[in-house]
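Mind looking at a prediction? Sequence and model below.
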Amino acid sequence: MSTRGESTRELRSALSELRLVVRQVGYEQLSFWLNPVGAIFTVGFSLLFLVMLGASAGSSRISYMHNIRLVQYYVPGFIAYGVMSASFNNLAISLVIRRETGLLKRLRLSPLPTWTLLTSILLSTLLIAFAQVVLMLAVGRWAFGVQLPSGASDIVALVVVLALGGLSFAALGSAMSTLIPNQQAAGPLTSTVFFVLLFLSGLWFPLKSGSTLAKISTFFPIRHFITAVLTAFEHPGDSAWAGHDLLIVVIWGAVGAAIALRRFQWAPQHT
Amino acid sequence: MPAVIVRGLVKSYGPLRAVDRVSFEVDAGEVFALLGPNGAGKTTTIEILEGFRNRDAGEVRVLGIDPGDRGSGRRLRSQLGVVLQELAVEPFLSVRQVLERNAGYYPAPRRVGEVIELIGLAEKADAKVKTLSGGQQRRLDVGLGIVGNPALLFLDEPTTGLDPAGRRTSWELVRRLAGEGTTVILTTHYMEEAEALADQVAIIASGKIVAHGPPASLGGRDRGAATIRFQLPDDVTPADLPLAVDGDGRSVELRTDRELEALYELTKWALEHEVRVTGLTVSRYTLEDVYLQLTGADADRFQSDPALKAPIRG
């Protein structure tokens, strides 16, 4: 009897903590969307990129990539970019701002359980990434006539790749935030790292395999993530899974998580 | 039972002993002020009480709970209110939204409408936080500290940056909370704030408590030497006086343990010689004098004044 009472109690407290997560995600989203300028630019930046590059690509094809249309590369590429910018760039900057303004410390000192808070921030970040993915899928389909993943297995592959990528880059974003000393440095530092790596990874100009840039970019997770998303869209072979690329992304994510957990600070560091 | 018990608390950062065998108690319903220069160990001490930082040694009980015990952390935090030095509020939420969100973290919160009244932001309840003035944001910060209906409230320099009127309003709020039985621990740089609010004051310097007691008698300032100041007319010099005094020209002062006798001699002499002594004042050390002497900013004067040194309690 007593074990049963205990497990009921545990279940009830787990449910109440889950409710706290849902509530906290709601406030995170409210806080994000109540700043319309910030929200529109965060969500719309990737879309703007896609529309500009997609339009200028016209009907060009990539001879060294199974002769697919360039825009057929850009749609998955910028979907990957949207996920990365939300979970790496924006998360890193927002964590630094929250830490340095004392928001993290205040929440840490409230009875809100720590895992609830961190899960809410993560979920909210992924929701914002999700909004961008949906927008770009729609624009890719209706404006550029790009074939979207349609078979069940392709769709599952896309969802899993985006989810794992989102989590991995969120872990890297959290790790990045621990390396940034103050609020003023957050934007410039994170964006510099992000855009240099994006350039090296051939987001704008698809890399020819075997080129020097391609060799450099195999070390970093961004090109592998783009490839994994692209494979869910375009796979001349049977498999929609780029298992090797996904694995490298997840390994980077695990390293990021380890650094973040080791170095995470709740209190402002500028003093 | 005391709300807070601290015995032999020690915390080091590398070779630096930030908190060095600090002991004090705070009774339930009391306002306790921790004074000290920057880097003296105030914030570290408070962060250990809040469970935010681990201690190296010593015994700590906050509302009967060991804040170092992670298992009871949430139970402790649901009874604590914290107001930090940073203005830590989401800029795009409204005053009401922020308070409602935080109220939801606590088992038995205050009504949000009541908190908004208490902090005097009724007219700004639906305004975004970023549109508030600095003083209003500070008050919202205090509101976030009390929305959980805490048994113990930590205020880290609650009135820094407030204008005099804002400061008075905050003082009224602290008095009201204390009157309702909330225990308050505050840090401050303003002596008049400690004097106006605190039942007990502890001065901390280089990690050690150097004085502890009610503000009126801290450092023995209700006893010990007094300073008598006055001005002489143009045709009288200090040399004409029956007592040895400091100062040249018209404004003079003298320090004495026996101010009654000194005043008697002075006034008797002045009346007999028909000298018009003006601006006569008798004063003791202010809390600020005591503070400056104990925290080392004015240590020489302190060393040379045994009357002040003797009555300090640990």
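It's in.

so where do the strands sit in the stretch 201-314 of chain B?
Secondary structure of the stretch 201-314 of chain B (DSSP state E, counting those that start in this stretch): strands located at B:208-213, B:226-231, B:251-256, B:278-283.

Please identify the most buried of those strands.
strand B:208-213 (a mean of 20; mean count of other CB atoms under 10 Å in any protein chain shown). Yep, even glycine has a C-beta here, placed from its N, CA and C like the rest.

And the contacts of that strand?
Contacting residues not belonging to strand B:208-213 are listed as B:20-24, B:41, B:200-204, B:218-219, B:290, B:294-295, B:312-314 [CB atoms under 8 Å, 6 or more residues apart in numbering or on different chains].

One more: stretch A:164-173?
Applying CB under 8 Å, 6+ apart, the contact partners of stretch A:164-173 are A:80, A:83-84, A:86-92, A:95, A:122, A:125-126, A:129, A:190, A:221, A:225, A:228-229, A:246, A:249-250, A:252-254, A:256-257, A:260.

Return the subset of those lying in helices.
Members of the contacts of stretch A:164-173 lying in helices (criterion: DSSP state H): A:80, A:83-84, A:91-92, A:95, A:122, A:125-126, A:129, A:190, A:221, A:225, A:228-229, A:246, A:249-250, A:252-254, A:256-257, A:260.

Give me the buried subset of these.
Neighbour counting by 16 or more other CB atoms under 10 Å in any protein chain shown classes A:80, A:83-84, A:91-92, A:95, A:122, A:125-126, A:129, A:190, A:221, A:225, A:228-229, A:246, A:249-250, A:252-253, A:256-257, A:260 among these as buried.

Considering only those residues, which also neighbour chain B?
By CB under 8 Å from any CB of the partner chain, no member of these lies near chain B.

All the strands of chain A, in order from the start?
Using DSSP state E, the strands of chain A run over A:61-62, A:68-69.

Check the offset of the first one from the chain's centre.
Between the mean C-alpha point of strand A:61-62 and the mean C-alpha point of its chain there is a distance of 27 Å (CA atoms, centre = their mean, to the nearest Å).

Can you give the strand pairings for that strand, parallel or anti for each?
Under the criterion DSSP bridges, strand A:61-62 sits next to strand A:68-69 (antiparallel) in its sheet.

got the strands of the stretch 201-314 of chain B as TSV, with mean pLDDT columns?
Putting the strands of the stretch 201-314 of chain B into TSV (pLDDT from 0 to 100) gives the following:
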stretch	mean pLDDT
strand B:208-213	90
strand B:226-231	87
strand B:251-256	85
strand B:278-283	87
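
Of all these, which one comes closest to B:A165?
Set against B:A165 and scored by CB to CB, the strands of the stretch 201-314 of chain B come closest in strand B:278-283, at 27.4 Å.

and the contacts of strand B:208-213, which are buried?
Applying 16+ other CB under 10 Å to the contacts of strand B:208-213 flags B:20, B:22, B:24, B:41, B:200-204, B:218-219, B:290, B:294-295, B:312 as buried.

Could you single out the nearest of those to chain A?
Of all the buried ones among the contacts of strand B:208-213, B:G41 has the smallest distance to chain A: 14.5 Å, by CB to the nearest CB.

Could I get the pLDDT score of the closest one?
pLDDT, B:G41: 89.

about what we covered before: can you flag which of the buried ones among the contacts of strand B:208-213 belong to helices?
B:290, B:294.

List, one by one, the residues from chain A near chain B.
Residues of chain A lying near chain B (CB under 8 Å from any CB): A:20, A:23-24, A:27, A:30-31, A:34-35, A:101-103, A:105-106, A:108-113, A:266-268.

Show me which of the residues you listed are buried.
The buried subset of these - by 16+ other CB under 10 Å - is A:20, A:23-24, A:27, A:31, A:34-35, A:101-103, A:105-106, A:108-113, A:266-268.

count of neighbours near B:R61?
The local packing of B:R61 (other CB atoms under 10 Å in any protein chain shown) involves 17 other residues.

give me phi/psi at it?
Dihedral pair for B:R61: phi -130, psi 130, per degrees, to the nearest 10.

Next, the contact list for it, please.
Counted by CB under 8 Å, 6+ apart, B:R61 has contacts B:2, B:4-5.

Show me what from chain B comes close to chain A.
B:50, B:52, B:74, B:77-78, B:80, B:82, B:84-93, B:97, B:101-102, B:104-107, B:128, B:144, B:148.

residue ranges with poor pLDDT in the stretch 151-300 of chain B?
B:220, B:297-300 (pLDDT under 70).

show me where it has helices.
B:164-179, B:191-197, B:259-272, B:287-294, B:299-303 (DSSP state H, counting those that start in this stretch).

repeat for chain A
A:2-33, A:36-57, A:70-84, A:91-100, A:103-108, A:114-142, A:152-178, A:183-200, A:212-217, A:221-233, A:243-263.

between the second one and helix A:2-33, how big is the angle?
Right, the one you point to is helix A:36-57. Interaxial angle of helix A:36-57 relative to helix A:2-33 (axes from the mean of the first three to the mean of the last three CA atoms, to 10 degrees): 70 degrees.

B:F52: neighbouring residues, count only.
19.

who's in contact with it?
With CB under 8 Å, 6+ apart, B:F52 has these contacts: A:105, A:108-109, A:266-267.

Against chain B, how distant is A:N89?
19 Å (CB to the nearest CB, to the nearest Å).

Pretty sure that residue sits against A:L197.
No: A:N89 is not in contact with A:L197 according to CB atoms under 8 Å; the separation is 10.7 Å.

Please identify which of the two sits among more neighbours.
A:N89 (24 against 18).

so what's that one up against?
Each residue near A:N89 by CB under 8 Å, 6+ apart is listed here: A:173, A:190-191, A:194.
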